[in-house]
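J.: Sequence isn't available, so here's the structure alone:
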């Protein structure tokens, strides 16, 4: 099915079955120019750059999601439901929360807790537990081990708030074993479940919330390529 939307000016033929989704449009451009062969710009509405090319001979797309659940909620919904995309792999940053999480670690989100009201649209009468597709998760773990990347698998927290007025907001999530905080995975997982599609979030730890550690801009650039390689290898195996 092909259809232009207010956010994506393309057709279903323009997208591969697997789309990598960084939050930053410039990171989308970086992935396309660095890793994909014959990459073509297929969407640039509102500066949300999407590209399709090949990786190891397999068609792969990469398109930005913007920041936050409302934004990735729009783009992943449209890709799943209007453009025939089957798999979306988020590649983003996260703030570390657990004690054994270090800067540059890759966190693979088996689940995504959230303080968002995103789930209320489904009228479930309870709290939905957003989880990743196990097949994608298992392949990501295999790829991380092949290239020797430090990784953790577990719960993420997808928060609606970046600057939280409550200074103790993260304390409870820390006690419950959440590995890191980001802002998109839960909405992506819910959209995938509702559409009968597959999703996974792979995040690089760019800072540690409780220890006050952070990577500089150059370190983020080089560290994030491990996460991108894992996701691309997963996409090439589909």
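T.: Alright, I've got the coordinates. For clarity, every value in this text was computed on a predicted model and none was experimentally measured.
J.: And the pLDDT for residue 223?
T.: We have a pLDDT of 66 for residue 223.
J.: Now residue 208: closest residue in space that isn't a chain neighbour?
T.: The spatially closest residue to residue 208, leaving aside those adjacent along the chain, is residue 96, at 4.0 Å (Cβ to Cβ, 6 or more residues apart in numbering). C-beta: built from backbone N, CA, C; applies to glycine.
J.: pretty sure that neighbour is in contact with residue 207, am I right?
T.: Yes - checked against Cβ atoms under 8 Å, the pair residue 96 and residue 207 is within contact range at 6.9 Å.
J.: residues shared between the contacts of these two?
T.: 103, 213 (Cβ atoms under 8 Å, 6 or more residues apart in numbering).
J.: Determine the three-state secondary structure at the closest residue to residue 36 other than its chain neighbours.
T.: With sequence-adjacent residues excluded and distances taken as Cβ to Cβ, 6+ apart, residue 36 is closest to residue 53, at 3.1 Å. Three-state assignment for residue 53 (DSSP: H, G, I helix; E, B strand; the rest coil): strand.
J.: What residues are bridge-paired with residue 53?
T.: Per DSSP bridges, the residues bridged to residue 53 are residue 60.
J.: how near is it to residue 61?
T.: Computed as Cβ to Cβ, to the nearest Å, the residue 53 to residue 61 distance reads 8 Å.
J.: Please enumerate the helices of this structure.
T.: Counting by DSSP state H, one finds helices in the chain at the ranges 25-35, 69-82, 134-147, 169-175, 185-195, 217-236.
J.: Does anything pack onto the shortest one? Which helices or strands?
T.: If you count contacts as 3 or more Cβ pairs under 8 Å, 6 or more residues apart in numbering; DSSP states H and E, helix 169-175 packs onto no helix or strand.
J.: what is the rounded mean pLDDT of that helix?
T.: 95.
J.: Neighbour count: residue 96 and residue 207, which is higher?
T.: residue 96 (26 against 17; other Cβ atoms under 10 Å).
J.: Would you enumerate the residues in contact with the closest residue to residue 198 other than its chain neighbours?
T.: Ranked by Cβ to Cβ, 6+ apart and with sequence neighbours excluded, the top spatial neighbour of residue 198 is residue 133, at 3.8 Å. Residue 133 is in contact with 87, 192, 198-200, counting by Cβ under 8 Å, 6+ apart.
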